[in-house]
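Trainee: sequence-free structure coming up:
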């Protein structure tokens, strides 16, 4: 039963971090190809600040649910790479979400 509970909490945390805790500015800002970065001398943070902050939120959620720093760090790196790939149009939004959900399932096997 613990595996189901962990999976539920990890999926809840993913939904929270990817949709509720991701403001519009972060959603656009994490994409280096978005027109928001076209302005010269903008005070808007560079794309990798946004992407890294977003990935750290996800890593933090995984850490809080799993109590594993290793899984939190893995999630941070994997989320960063996956979202970067989506922003580069190397993968679709559905593949992006599949990777995110699949990683949560995999974490449950380590817990």
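Mentor: Perfect, thanks for sending it. Computed from a predicted structure; not experimentally measured.
Trainee: only C-alpha atoms from now on, for both contacts and neighbour counts.
Mentor: OK.
Trainee: which other helices and strands does the helix or strand of the chain with the lowest mean pLDDT contact?
Mentor: The weakest-scoring helix or strand in the chain, judged by mean pLDDT, DSSP states H and E, is helix 24-29 (a mean of 89). If you count contacts as 3 or more CA pairs under 8 Å, 6 or more residues apart in numbering; DSSP states H and E, helix 24-29 packs onto helix 47-66.
Trainee: name the residues that touch the helix it packs on?
Mentor: Helix 47-66 is contacted from outside by 6, 9-10, 13-14, 17-18, 22, 26, 29-32, 37, 68-69, 71-77, 79-80, 83-84, 111, using CA atoms under 8 Å, 6 or more residues apart in numbering.
Trainee: return the members of those classed as buried.
Mentor: 6, 9-10, 13-14, 17-18, 22, 26, 29-32, 37, 68, 71-77, 79-80, 83-84 (16 or more other CA atoms under 10 Å).
Trainee: roughly how far apart are residue 14 and residue 42?
Mentor: 31 Å (CA to CA, to the nearest Å).
Trainee: return the subset of the buried ones among the contacts of helix 47-66 lying in helices.
Mentor: Assignment to helices by DSSP state H places the following of those there: 6, 9-10, 13-14, 26, 29, 71-77, 79-80, 83-84.
Trainee: how distant is the helix or strand harbouring residue 4 from the center of its chain?
Mentor: Taking DSSP states H and E as the definition, residue 4 sits inside helix 2-15. Counting by CA atoms, centre = their mean, to the nearest Å, helix 2-15 is centred 15 Å from the centre of its parent chain.
Trainee: so residue 6 makes contact with residue 110?
Mentor: No - Residue 6 lies out of contact with residue 110 (CA atoms under 8 Å); the separation is 10.8 Å.
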